[in-house]
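**Q** dropping the sequence and predicted coords here.
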Amino acid sequence: MAKFDMYTIRARFYPGVISALPILVLGCFLFPFEDFKNLLSFLLSLQFAGSITISVIFLYFYSQIIRMTSKYFTDKYFCKEKGLPTTYYMMFNDPHYSKEFKTRFREKIMNKFNFSLLNEEQEGKQKKEAKKRLDETIEMVRVNLDDRLLLKKHEIWYGFFRNLISGSIFGAIFSLLNIILGIFVFKNLVLITVSAVLIVFYCLYFFQHRTFLFRAAEEYARRLLAEFMSQ
């Protein structure tokens, strides 16, 4: 069996599966249930290379497409604005943490990585440089804490909600196609109803995704900083 890490499975594959539900629903109507069940079992068992099945390869590449398109939203909300929470939390003009904590964070970064961050006065004059250095620092901190299980769980939730953004868009498109097929081709009320329920779910998430994304990102940032400062 192909082995993937916990992040890949839960933060990338799970949103991919949720997004692909309309395809599975359509399959149930294209084939009788037993035939569809047998076809699904057959596809899941097909081997492409070693123990990696065709279905796993499809899910992997589909999840990658979702991940890459979802990054548009993280760039829009974070990179093009004030940065990720892990960065803006440590800016002196941000109210979430005390100045004492931010000063201790900078001292710890210097002691551990021999990397200097700007002080409050320098940051006021060079905000872009301050952000850039914090971004670089956080990458080092993440690598240093990569084995922390609780931190990894927060990172997974952030990745899951981020990737589900594009997943909900693709899922809504697939559901809309199912509704069109249900009306004009299959003339099947069940297919139309199930697809309509799915499209409502995808749309509800998409319209609320910013809330979920920011909450997950900020919880991950708080956990990262707490883990690092407690070392």
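**A** Yep, that arrived.
**Q** am I right that residue 172 is in contact with residue 205?
**A** No: Residue 172 is not in contact with residue 205 according to C-beta atoms under 8 Å; the separation is 9.4 Å. No exception for glycine: its C-beta is placed from N, CA and C like everyone else's.
**Q** what about residue 127, how many residues nearby?
**A** Look at residue 127: counted by other C-beta atoms under 10 Å, it has 14 neighbours.
**Q** and what of residue 95?
**A** 6.
**Q** that one: which element?
**A** Secondary structure assignment for residue 95, by DSSP states H and E: no helix or strand.
**Q** residue 181 now?
**A** helix 149-184.
**Q** which SSE is immediately downstream of that helix?
**A** Using DSSP H and E, the helix or strand that follows helix 149-184 in sequence is helix 189-229.
**Q** host element of residue 14?
**A** Using DSSP H and E, residue 14 sits in helix 14-19.
**Q** retrieve the pLDDT associated with the residue lying farthest from the centre of the chain.
**A** Distance from the centre of the chain peaks at residue 187, with 36.5 Å (C-alpha atoms, centre = their mean). pLDDT for residue 187: 92.
**Q** surely residue 145 and residue 229 touch.
**A** No: using C-beta under 8 Å, residue 145 is not in contact with residue 229; the gap is 10.9 Å.
**Q** who has more neighbours, these two?
**A** Taking other C-beta under 10 Å, residue 145 and residue 229 do not tie; residue 145 has more neighbours (16 against 12).
**Q** contacting residues around the residue nearest to the more buried one when sequence neighbours are not counted?
**A** Take residue 145 and drop its neighbours on the chain: the residue closest to it by C-beta to C-beta, 6 or more residues apart in numbering is residue 227, 5.3 Å away. Shown in contact with residue 227 (C-beta atoms under 8 Å, 6 or more residues apart in numbering): 145, 148, 150-151.
**Q** one more pass at 7 Å, please.
**A** 145, 148, 151 (C-beta atoms under 7 Å, 6 or more residues apart in numbering).
**Q** any idea how far residue 96 is from it?
**A** For residue 227, the distance to residue 96 (C-beta to C-beta, to the nearest Å) stands at 16 Å.
**Q** what's the local residue count around the closest residue to residue 154 other than its chain neighbours?
**A** Spatial nearest neighbour of residue 154, chain neighbours left out: residue 220 (4.1 Å); criterion: C-beta to C-beta, 6+ apart. Counted with other C-beta under 10 Å, the neighbours of residue 220 add up to 23.
**Q** hang on, isn't residue 220 packed against residue 156?
**A** No: using C-beta atoms under 7 Å, residue 220 makes no contact with residue 156, being 9.2 Å away.
**Q** could I have the CA atoms of the helix holding residue 14 written out in PDB?
**A** Provided in PDB are the C-alpha atoms of helix 14-19 (Å, rounded to 0.1, in the frame of the first residue of the first chain):
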ATOM      1  CA  TYR A  14      -9.700  14.600   2.500                       C
ATOM      2  CA  PRO A  15     -10.700  17.900   0.800                       C
ATOM      3  CA  GLY A  16     -10.200  16.200  -2.500                       C
ATOM      4  CA  VAL A  17     -12.500  13.400  -1.600                       C
ATOM      5  CA  ILE A  18     -15.100  15.800  -0.300                       C
ATOM      6  CA  SER A  19     -14.800  17.800  -3.500                       C
END
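**Q** how far off centre is the helix or strand that it is followed by?
**A** From helix 14-19 onward toward the C-terminus, using DSSP H and E, the following helix or strand is helix 21-30. The chain centre lies 25 Å from the centre of helix 21-30; the measure is C-alpha atoms, centre = their mean, to the nearest Å.
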